[in-house]
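**Q** pasting the sequence and the predicted model now:
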Amino acid sequence: DTGVSQDPRHKITKRGQNVTFRCDPISEHNRLYWYRQTLGQGPEFLTYFQNEAQLEKSRLLSDRFSAERPKGSFSTLEIQRTEQGDSAMYLCASSQRAGKDGYTFGSGTRLTVV
Amino acid sequence: AQKVTQAQTEISVVEKEDVTLDCVYETRDTTYYLFWYKQPPSGELVFLIRRNSFDEQNEISGRYSWNFQKSTSSFNFTITASQVVDSAVYFCALSEAINFGNEKLTFGTGTRLTIIP
């Protein structure tokens, strides 16, 4: 098991473009989370999947954001019509029971919107 | 609403000194979990410890120790004999069990620790 993988590690895009990030969780983990971290802040919850079902979305997740987890395996996070305020580190985490077993985080995707 | 406060934004100590990072939390839940994560410059969040609300025993792991005090809603982290490799941002976090098994984490703003050689 190689842990949680995120791709790409870095993405620079022009304002208005669409971007998509991928997260591959630990294979036996049924819970998957996306967080966003801006400079000098702690990560903030964006959305939660249990298997393929997206069960919770934060108010931070505007309608320009969409996340999927087809077949309950990898997940994608797409941002449409990017804005400079979207520049952040996007972190993915997976768990079985987070409270019991903890989360495993990926290395993140750093997005810069220019 | 849950909240985690890390009042120390930045701390610098000379190598081999002991350092304590403070964490104060707020929650209405009776069952909750507290975490500490380390974030080195590479960006990955490295899990350090998890503590549930019913276990107030202090824990020691090598040079790391944690002091959980429910009475003051604090979960402080001490590094003994600090080393340069300890330089990182440290986050305290609280998990709440809300809907559909979602155990999202609420993070503090982090403490940037610099160990001076």
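**A** Received it, and whenever you're ready, just let me know what you need. Numbering: from 1, shown residues only, chains lettered A, B, ... in the order given.
**Q** now the residue of chain B found nearest chain A. Nearest residue, chain neighbours left out?
**A** Taking C-beta to the nearest C-beta, chain A has its nearest neighbour within chain B at residue B:107, 3.0 Å off. No exception for glycine: its C-beta is placed from N, CA and C like everyone else's. Spatially, and ignoring its direct neighbours in sequence, residue B:107 is nearest to residue A:42 (3.0 Å; C-beta to C-beta, 6 or more residues apart in numbering or on different chains).
**Q** contacts for the worst-scoring helix or strand of chain B on mean pLDDT?
**A** Ranked by mean pLDDT, DSSP states H and E, the weakest helix or strand in chain B is strand B:59-61, scoring a mean of 87. With contact meaning C-beta atoms under 8 Å, 6 or more residues apart in numbering or on different chains, strand B:59-61 is reached by B:49, B:51, B:65, B:66.
**Q** run the last query once more with 10 Å
**A** B:48, B:49, B:50, B:51, B:65, B:66, B:67, B:68, B:78, B:80 (C-beta atoms under 10 Å, 6 or more residues apart in numbering or on different chains).
**Q** do stretch A:11-19 as well
**A** Contacts of stretch A:11-19 (C-beta under 10 Å, 6+ apart): A:8, A:20-21, A:64, A:77-87, A:90, A:109-114.
**Q** near chain B, list only the ones from those residues.
**A** The subset of the contacts of stretch A:11-19 within reach of chain B, by C-beta under 10 Å from any C-beta of the partner chain, is A:109, A:110.
**Q** and the buried ones among the contacts of stretch A:11-19, selectable in PyMOL?
**A** This is how PyMOL selects the buried members of the contacts of stretch A:11-19, with burial counted by 16 or more other C-beta atoms under 10 Å in any protein chain shown:
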select buried, chain A and resi 21+77+79+82+86+87+90+109+110+111+113
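**Q** tell me how far the least confident helix or strand of chain B lies from the chain's centre.
**A** Distance, stretch centre to chain centre, for strand B:59-61: 13 Å (C-alpha atoms, centre = their mean, to the nearest Å).
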